[in-house]
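Engineer: Have a look; sequence and predicted model below, questions after that.
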Amino acid sequence: MSNEFAKMKRLRIGLLAAILFSGVAGITAFRAMASGMFTHLGDADGFAWKILLAGLGFSAALISPLVLAVLASRQVEVEHRGNGWLLAAASGVTPGHLCRAKFASVGLLVATATVLQALVLIGFGLTVGITSPFPLEHWVGYTAAALVINLAVLAFHILLSAKIENQLVCMGIAVLGLFIGVFGSALPDWLSRLFPWGYYALAAPADYVGTDLVYLDLPYLSVVVLAVVGTALFLFITSRFDHQEL
């Protein structure tokens, strides 16, 4: 992993992770203010917290797919350009091992950004004076779900970027993923579950039902299945990479 962190310095991966954090948090806060959050700070039903959480779910689906794809693409593209796969193999590091190291290193930054998004928005809500009880269960539940989804999307794009040398193809697939994430609520649930980006819509933490903004039940079982199946597939595919000819 130390080699991957060294590569990050010149690839500006830290800057991209900062964009992931600030983009999601910033858009969420802006949407909340534009939605009249300041006039509902003391509502007993926690309307202001619901606005923030609903905005977080939307912003994550809007920003994360593309930024995660760029993170994966930049970290993997350097191997395609510099014949890094062969050089790593010559030193005893197989392509599959290299992909796992990339996921571990970039995934650490993604996990940090995901948790910070939630913490900063909670701090924002408290700072502007929300006085209704803080819905801890909903925030913790959504943050955990978002963490799993982001890491699943990152793992997918690392594998995709490793397999496809033309990174423009990977970016095109990421744009498709963005649309699935944002508009996935219009798709049948079974169809959304077939794509990692579809879980952004499935895990929407709050939304309007009629004229009421309400908390939504998070699909914890589906998210756990995504984590288990995603991990198994990632390990299986990277193990196949270990035996491929370079």
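Structural biologist: Perfect, I can see it now.
Engineer: Centroid-wise, who is the farthest residue in this structure?
Structural biologist: Ala90 (33.3 Å; CA atoms, centre = their mean).
Engineer: Distance of it relative to Gly84?
Structural biologist: 10 Å (CB to CB, to the nearest Å). Bear in mind the C-beta positions are built from the backbone N, C-alpha and C, glycine included.
Engineer: Low-confidence ranges, this protein, go.
Structural biologist: For the chain, the stretches flagged by pLDDT under 70 are 1, 245-246.
Engineer: so what's the residue nearest the centre of it up against?
Structural biologist: The residue lying closest to the centre of the chain (CA atoms, centre = their mean) is Asn150, at 2.5 Å. Listed by CB atoms under 8 Å, 6 or more residues apart in numbering, the contact set of Asn150 reads 60, 64, 68, 110-111, 114.
Engineer: hmm, back to that, quick one: residues contacting the residue farthest from the centre of the chain.
Structural biologist: Ala90 touches nothing, counting by CB under 8 Å, 6+ apart.
Engineer: what's the answer for the one 10 residues further on, then?
Structural biologist: Taking CB under 8 Å, 6+ apart as the criterion, Arg100 is in contact with 234-235, 238.
Engineer: so where does it fall, helix or strand?
Structural biologist: In this structure, Arg100 sits in helix 95-128 according to DSSP states H and E.
Engineer: quick one: that helix to chain centroid distance?
Structural biologist: 8 Å (CA atoms, centre = their mean, to the nearest Å).
Engineer: try stretch 213-228
Structural biologist: 15 Å.
Engineer: which residues are contacting it?
Structural biologist: 47, 50-51, 53-54, 135, 138, 141-142, 144-145, 148-149, 152, 193, 196, 199, 202-208.
Engineer: Let me know the secondary structure of Leu213.
Structural biologist: strand (DSSP: H, G, I helix; E, B strand; the rest coil).
Engineer: partner residues bridging it?
Structural biologist: Tyr208 (DSSP bridges).
Engineer: among the contacts of stretch 213-228, which ones are buried?
Structural biologist: Buried subset of the contacts of stretch 213-228 (neighbour count, 16 or more other CB atoms under 10 Å): 47, 50-51, 53-54, 135, 138, 141-142, 144-145, 148-149, 152, 193, 196, 199, 202-207.
Engineer: Restricted to strands, list the residues you listed.
Structural biologist: 206-207 (DSSP state E).
Engineer: quick one: which of the buried ones among the contacts of stretch 213-228 sit in helices?
Structural biologist: Taking DSSP state H, the ones among the buried ones among the contacts of stretch 213-228 that sit in helices are 47, 50-51, 53-54, 138, 141-142, 144-145, 148-149, 152, 199, 202.
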